[in-house]
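Chemist: Next input, structure requested:
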Amino acid sequence: MPREKDFDQATVVKKCIDLFASHGYSATGIQEIVQKTGINRSSLYSTFKGKDELFLTCIRKVMLDEVGQLEGMQKKGMSAIKIVDAYLSMVTKDQPAFHLLKFASAEFKLLDRKTQTAVNAHYQWKYAFFEVIFKHAQKSGKLSKKIEAKDMVALLEMMVQGIQNMSPLANADKTYKKSLPEFSRLIQKKK
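Modeler: Have a look, this model is predicted:
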C-alpha cells in the first residue's frame, strides 16, 4: 500500500517556482530541489515523476495564474492601455513567475516535449488574448493604427527585456515608469 504524502504539493510547487526562477531549468538539480523543499527523493519521484514533470507543474501554475490575472482585468472592463500597463507592471517586478517563463523560453530546447507544448500553448493564448484586447481598442478608436496582436506581444516582451537589461531588477519599476509614457504615445491616438 502506498505511503500517504507528508507534504503539501502546492507549497512544494511554490518553492520550486522560486528555485527554477533563480537558477533556470538546467542549473537546478534534484538534490537542490530535495534540500529546498524538504521532501525526500522518493516522494518527489512518486509525486512528480522527476524534474521534467515538476518543472511542467511549475510552468502550468505560473501560466494559469497569469491567464487568470489578465482575464480578470478584461472582465473588470479595463481599457486596452490599462491592461497593457497592468501587464507590464506585473512582468517588470521581481516576480519568480516571470523569471520562470523567461528561463523556459531561453532553455526551450532543453525541455521535454510536453513542457515545450505547454509553453507554446501559453504564448498562443497570450497572442489571442492581446489580439482581442487590441481589436476592441481599435474599434473604439483608441489606437491610432492597426497593430497585430503578435507584434504587440513581441513589443511588450522586448520592452520588458530592455527594461531589465538596462537596469538591475531593483530599478526596473523606475525605468518602466519612465518608458511607459513613450509606449502609450506610440499606440494611443493623439488628441
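
Chemist: So Ala86 lies in a helix, does it not?
Modeler: Yes: if the criterion is DSSP: H, G, I helix; E, B strand; the rest coil, then Ala86 is within a helix.

Chemist: Please shift the residue numbers so they start at 188 in all later answers.
Modeler: With 188 as the first residue, the last one maps to Ala273.

Chemist: Check which helix or strand the residue minimising distance to the centre of the chain maps to.
Modeler: Most central in the chain under CA atoms, centre = their mean is Phe285, positioned 4.2 Å from the mean C-alpha point. Element membership for Phe285 (DSSP states H and E) is helix 283-293.

Chemist: Would you tell me what the next helix or strand after that helix is?
Modeler: Next in line after helix 283-293, if elements are assigned by DSSP H and E, sits helix 300-326.

Chemist: Does anything pack onto that following helix? Which helices or strands?
Modeler: helix 238-262, helix 267-279, helix 283-293, helix 336-353 (3 or more CB pairs under 8 Å, 6 or more residues apart in numbering; DSSP states H and E). Any C-beta I mention is one placed from the backbone N, CA and C, and that applies to glycine too.

Chemist: Please identify which of these is closest to Val306.
Modeler: helix 283-293 (5.2 Å; CB to CB).

Chemist: tell me the angle that closest one makes with helix 267-279.
Modeler: 80 degrees (axes from the mean of the first three to the mean of the last three CA atoms, to 10 degrees).
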